[in-house]
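J.: Structure, please.
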Amino acid sequence: MCQASRLGRPVLELANRPSSEGVHLALDGNDVYWTASVVTMPGGATAGSGALSRVAKDGSGPSVVLVSNLVYPAGIFVTPQFVYWAEFALGSTGQSRIMRMGR
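T.: Numbering: from 1, shown residues only. Next up is the predicted model:
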């Protein structure tokens with residue numbers, strides 16, 4: 001994840017993560033929040049797990065994983081009090097859900 005200036009200044013890397021599917025972003029005044037899903041490798045094997053993370057927009061600190069072991073997080077929305085995201089179930093045995101955590 002990088003920050004690019006509209007004024008042509010150098011690009012600043014805010015966070016990095018191994019290749020992932022389904023990255024979704026949300027911003028507030030100070031931070032960037034994102035969900036990233038399980039990584040699918042060639043041949044169909046999966047590695048890692050989905051997560052909800054946060055990093056300062058100005059790059060002043062490291063990224064932080066707020067919630068890990070998410071099955072397939074998708075979408076994200078930030079309010080002054082909460083962070084919301086959807087987590088879709090895989091297969092016929094799970095249920096999809098909308099999640100919320102305090103900021």
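
J.: use CA for all of it now, contacts and neighbours both
T.: OK.

J.: in which helix or strand would I find Val55?
T.: strand 50-56 (DSSP states H and E).

J.: Show me what counts as buried in that strand.
T.: 50-56 (16 or more other CA atoms under 10 Å).

J.: Wait, Tyr72 touches Ser96, no?
T.: No: taking CA atoms under 8 Å as the definition, Tyr72 is not a contact partner of Ser96, at 9.2 Å.

J.: neighbour-wise, which of these two wins?
T.: Tyr72 (20 against 13; other CA atoms under 10 Å).

J.: Tell me which strands the strand holding Val55 pairs with, and in which orientation.
T.: Note on strand 50-56: by DSSP bridges, its sheet partners are strand 31-36 (antiparallel), strand 64-70 (antiparallel).

J.: Quick check: which ranges of this structure have low pLDDT?
T.: 1-9, 11-22, 38-48, 89-94 (pLDDT under 70).

J.: can you pull out the strands in it?
T.: 2-3, 12-13, 24-27, 31-36, 39-40, 46-47, 50-56, 64-70, 73-78, 82-87, 97-102 (DSSP state E).

J.: Most tightly packed of the ones you listed?
T.: strand 31-36 (a mean of 23; mean count of other CA atoms under 10 Å).
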